[in-house]
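Undergrad: got a sequence here, can you build the structure:
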Amino acid sequence: VHTLHVEAVSWISARRDLLLTTFVLASLITFLRYRECHAERSAFQGAQTKYVLSLLFFLLALLSKPTAVVLPFVFLFLDVEAHRRVTLTLKRLAPFFALATLFMFINLSGQTHTNFPLNALETVLLAARSIMFTLQKFFLPFHLTILYPASTSFFTAPYIVSCILLLLLAALLWKFRTKHMVPFGAFFFLLILAPGLLSYMKSDLVTLTSDHYAYLPSVGLLIALSGIFVCHAERSAFQGAQTKHIVAACIIAISIVMSFRQSLLWQNAEALLVHALQEQPTHIAWNNLGFTYLEQGRSGDAEVAFGQALTMNPRSVDAHLNLASIAYKNGDLIKTEEHVRAAVAINPENTEVQFNLGGIHFLKEEWGAAIISYRTAIQLQPAFARAHLQLAKAYLKKGMPEEAKAAYQRAIELQPGLRGSFLELE
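TA: Model prediction:
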């Protein structure tokens, strides 16, 4: 019922966060049951079953979302806190760490370099700001949206204050270090949130953490808050229990109403993006709104939206390519080439940029230049099936049928649905 969780529940692309939460909690619970059974020699067989189940749930969590790679460190924290032998702990956690390492390697090998790589200090400052921002949205869930742009002036008040507040929170948590729920909840929150803190690039924009990244980490916050509440209740001997229950009921009721209102924004893309532009205007939101208008057949509104994106960020490659696409559909080849050339000047290493440049050359019957552009796009993204197909067409126009057939064969290997397109070349 928390308003911050509406995005994870309503957005189909964030469904993996729900699956991640389900399997991570299942793995955690079965691991704790395994530890309990392992302590009783008579229940050794049951302990082994629960261990295998925990490992299986962990694998399912990894398949849901790579963020789960940090879960073995949660198990390690629990064993260290329970004063168990480190060598024994590492031995039984070895399969978990092996799976985590495998999936981490797979995930890293599939990533591309960011357009705005940060150095170590800037990454730490951005992470501190994102953590405090997440805490702020958890306790004060107002002005929620799909994208939170971050300032790239890192040595400013918001970043410095966030670091100071984090240190103060760490000092406050130290007072509750003997209350197991509090340190565990805080550790769980920070550890699960950590991978999301590194995903700061959204297209060509540096951003703070997204709402759906907080879905599973919020479990840690709730555990820590429960521990603090229990500690306070023990000291006050449950004085004013009825008042506390009334306050809790009011908070839950208000949260339900706010969550329902927030969910209404997710009924369609246009309403969501218009709201995003009202809360945090960004060129990415304008770009996405333009796509939404195109899907609705409103090319005029789409052109205005893409123009707004370009106004906010004149170096937006996506905005230039989208405007080029609209100009081409309108039959304005001069403007089409202008936008594509502008995109090339901004980022010639972009696959779509080279592909569209190849299209310009193809339209102008510059077959040799088109071949060069399509081959460059393929070098940047070898599995780009459409580039292989267009390369085949350019080869055929150039009078190179053997090369054309080879490029076509590669295109249909990558995307069998393109089979038959070669007829267009003849």
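
Undergrad: which secondary structure state does residue 305 sit in?
TA: Of the three states, residue 305 takes helix according to DSSP: H, G, I helix; E, B strand; the rest coil.

Undergrad: in the stretch 101-250 of the chain, which spans are strands?
TA: Under the criterion DSSP state E, counting those that start in this stretch, the stretch 101-250 of the chain contains strands at 201-202, 205-206.

Undergrad: least confident of those strands, on average?
TA: When mean pLDDT is averaged over each of the strands of the stretch 101-250 of the chain, strand 201-202 scores lowest at a mean of 80.

Undergrad: that strand pairs with which strands?
TA: Sheet neighbours of strand 201-202, with direction, are listed as strand 205-206 (antiparallel) (DSSP bridges).

Undergrad: please enumerate residues in contact with the partner strand?
TA: Residues outside strand 205-206 that contact it (Cβ atoms under 8 Å, 6 or more residues apart in numbering): 116, 118, 126, 147, 149-150, 152, 200, 282-284. Placement of C-beta: from N, CA and C, glycine included.

Undergrad: tell me the contacts of the residue lying closest to residue 104 once chain neighbours are set aside?
TA: The spatially closest residue to residue 104, leaving aside those adjacent along the chain, is residue 69, at 5.0 Å (Cβ to Cβ, 6 or more residues apart in numbering). Each residue near residue 69 by Cβ under 8 Å, 6+ apart is listed here: 62, 100, 103-104, 107, 195.

Undergrad: check residue 220 too.
TA: Contacts here follow Cβ under 8 Å, 6+ apart; on that basis residue 220 touches 184-192.

Undergrad: after the one helix or strand residue 390 maps to, which helix or strand is next?
TA: Using DSSP states H and E, residue 390 maps to helix 385-397. Scanning forward in sequence from helix 385-397 by DSSP H and E, the next helix or strand is helix 401-414.

Undergrad: so which bits of that next one are buried?
TA: Neighbour counts using 16 or more other Cβ atoms under 10 Å place 403-404, 407-408, 410-412, 414 of helix 401-414 among the buried residues.

Undergrad: now for these, which pair is the farthest apart?
TA: By the measure Cβ to Cβ, 403 and 414 form the most distant pair in the buried residues of helix 401-414, at 16.9 Å.

Undergrad: quick one: the strands of the stretch 101-250 of the chain as a markdown table, columns for mean neighbour count too.
TA: Output for the strands of the stretch 101-250 of the chain, formatted as a markdown table (neighbours: other Cβ atoms under 10 Å):
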| stretch | mean neighbour count |
| --- | --- |
| strand 201-202 | 16 |
| strand 205-206 | 19 |
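
Undergrad: and of those strands, who's closest to residue 377?
TA: Nearest of the strands of the stretch 101-250 of the chain to residue 377, taken as Cβ to Cβ: strand 201-202 at 21.5 Å.

Undergrad: mind listing what's buried along stretch 198-212?
TA: By neighbour count on 16+ other Cβ under 10 Å, the buried set for stretch 198-212 is 200-201, 203-212.

Undergrad: which ones are touching residue 352?
TA: The neighbours of residue 352, taking Cβ under 8 Å, 6+ apart as the test, are 317, 321, 377.
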